[in-house]
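Visitor: I would like the atomic coordinates for the input below:
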Amino acid sequence: MEEERITGNTQWDGLGRPAIFYAMISIWCGIFLSVVDGNICNVALPVIAQELGVPSADSIWVINAFQLVVMMTLLPFSTLGESCTATRRSIFREWRCSRRHRLSAPSPTLC
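Guide: This next block holds a predicted model:
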């Protein structure tokens, strides 16, 4: 009779199989959107600057400012997202849903 062999780390304390794939996909989507966003600025801004008659040296400052703002807000917003626990998010959802119901209650029609 063959002995069953367990491979890998049996003391793994991370995400399980489906959740880790979802986390990887969301990180890849975020990186993809960030790259596309930066490329859109780099491609569209010279055309816009040419149509407005602005020198290209001045239009580069717009790209630099945009990238600096993105980099400066990345860590604070990720910390904010980490500090908002699931309980706070669920309380906010309940508040938002109840507010929506209270606002729609006095409506004379369904539309």
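
Visitor: mind checking how far the top helix by length along the chain is from the chain centre?
Guide: In the chain, with assignment by DSSP state H, the single longest helix is helix 17-52. The chain centroid and the centroid of helix 17-52 are separated by 11 Å, computed with C-alpha atoms, centre = their mean, to the nearest Å.

Visitor: Tell me the buried residues in the helix or strand following that helix?
Guide: Next helix or strand after helix 17-52 toward the C-terminus (DSSP states H and E): helix 56-83. When burial is assessed from 16 or more other C-beta atoms under 10 Å, helix 56-83 yields the following buried residues: Ser59. C-beta here means a position set from N, CA and C on the backbone, and glycine is covered the same way.

Visitor: What is the burial count for Leu45?
Guide: 17 (other C-beta atoms under 10 Å).

Visitor: try Gly38
Guide: When neighbours are defined as other C-beta under 10 Å, Gly38 has 14 of them.

Visitor: ok, now which ones touch it?
Guide: Gln67 (C-beta atoms under 8 Å, 6 or more residues apart in numbering).

Visitor: Now do the same for Arg5: helix, strand or coil?
Guide: coil (DSSP: H, G, I helix; E, B strand; the rest coil).

Visitor: Same question for Gly14.
Guide: coil.

Visitor: which one is it nearest to, not counting chain neighbours?
Guide: Spatially, and ignoring its direct neighbours in sequence, Gly14 is nearest to Ile20 (6.8 Å; C-beta to C-beta, 6 or more residues apart in numbering).

Visitor: for this protein, which spans come out with low pLDDT?
Guide: 1-3, 6-13, 85-87, 89, 100-111 (pLDDT under 70).

Visitor: hmm, back to that, can you check what angle separates the longest helix of the chain from helix 56-83?
Guide: Put simply, helix 17-52 runs at 160 degrees to helix 56-83, going by axes from the mean of the first three to the mean of the last three C-alpha atoms, to 10 degrees.
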